[in-house]
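1. let's see this in three dimensions:
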Amino acid sequence: MAKNKTNTPKDERYSLKGSSFWGILIFAVLLIIDLVTKLWADAYFNAEGAPSRVNIIPGWIWLEIEYNPGISYGMGANAPEWAKILVIIATAVIMLALAVFYFKMDKRRSLLRLAFVFIVAGGVGNLIDRVYYRVWELDAYADAGVRDMVNLSRFGFAVCNFADFFITGGAVMMVLAMLFFDRDAVYPVGAKYRALAKEHEAEEKEKKGQTQENQTTADEKNNG
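-> Modelled structure (predicted):
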């Protein structure tokens with residue numbers, strides 16, 4: 001008889017072994033890719049005699065260097081100092097919360113956990129730029145800030161960097177997980193996630209029954 005892959009001891013589901021190591025490794029690789037591409041774009045396009053752009057798909061996608069002292073699409077570039085600092089703090093708190101969720105989450109919820117890794121890697125990558133360049137001291141015309149280099153304006157997007165791609169990819173994975181590929185998915189797809197959903201439902205019913213039993217016992221003691 002085939003072994004049910006969902007019958008994993010609870011202490012192993014939430015341990016820091018195995019997949020958590022790979023999550024940390026993927027995070028490190030993504031962060032390095034983001035920082036290295038930013039360093040390259042910064043050095044290359046600011047070198048003497050460098051071109052203003054490098055075409056990837058002429059007329060559609062090209063590389064250039066652009067500094068964003070605000071947030072997406074340059075919004076908030078002229079915001080007051082306290083607002084920019086608040087954005088940095090909020091970003092750091094959100095990234096930390098997602099990291100905690102990652103380590104506390106059932107390891108079998110693989111796609112959702114991977115989504116968290118991508119989002120945190122992208123968020124930390126841009127956060128490093130915001131802190132390093134002290135964006136709270138910059139205005140919209142400063143040649144510093146989050147370093148962007150992939151121009152996708154022909155597609156209706158802003159100039160992006162790899163951190164933005166990671167965040168977007170993580171968000172897409174999160175939506176797919178919530179819809180199809182997770183224990184709590186609206187429409188769980190595949191035997192693995194349907195089994196996880198049933199197991200979770202049974203565990204919740206057991207918890208609810210235990211809570212009601214404890215409440216009944218407590219009421220009987222109080223009335224006795």
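2. so in the chain, where's the weakest helix or strand by average pLDDT?
-> Least confident helix or strand of the chain, by mean pLDDT, DSSP states H and E, is helix 10-13 with a mean of 57.
3. and the strands in the protein?
-> Applying DSSP state E to the chain gives strands spanning 54-57, 61-68, 146-151, 159-160.
4. domain ranges for the chain, per the record?
-> 16-187, 193-224 (automatic domain parsing).
5. single out the most deeply packed of those domains.
-> Of all the domains of the chain, domain 16-187 carries the top mean neighbour count, a mean of 17, counting by mean count of other CB atoms under 10 Å. C-beta coordinates here come from the backbone N, C-alpha and C atoms, glycine included.
6. what mean pLDDT does stretch 94-101 have?
-> For stretch 94-101, mean pLDDT rounds to 95.
7. no wait, stretch 175-191
-> The pLDDT scores in stretch 175-191 average 90.
8. can you show me the CA trace of it as PDB?
-> Taking Å, rounded to 0.1, in the frame of the first residue of the first chain, the C-alpha atoms of stretch 175-191 are listed here in PDB:
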ATOM      1  CA  VAL A 175      -2.900  33.800  -5.400                       C
ATOM      2  CA  LEU A 176      -2.400  30.400  -7.000                       C
ATOM      3  CA  ALA A 177      -1.900  28.800  -3.600                       C
ATOM      4  CA  MET A 178      -5.000  30.400  -2.100                       C
ATOM      5  CA  LEU A 179      -7.100  29.300  -5.100                       C
ATOM      6  CA  PHE A 180      -5.700  25.900  -6.000                       C
ATOM      7  CA  PHE A 181      -2.500  24.700  -4.500                       C
ATOM      8  CA  ASP A 182      -2.700  24.800  -0.700                       C
ATOM      9  CA  ARG A 183      -4.400  23.200   2.300                       C
ATOM     10  CA  ASP A 184      -6.700  26.200   2.600                       C
ATOM     11  CA  ALA A 185      -7.200  26.700  -1.100                       C
ATOM     12  CA  VAL A 186     -10.700  27.600  -2.300                       C
ATOM     13  CA  TYR A 187     -10.500  24.800  -5.000                       C
ATOM     14  CA  PRO A 188      -7.700  22.500  -3.900                       C
ATOM     15  CA  VAL A 189      -6.200  20.800  -7.000                       C
ATOM     16  CA  GLY A 190      -4.500  17.400  -6.800                       C
ATOM     17  CA  ALA A 191      -4.600  14.500  -4.400                       C
END
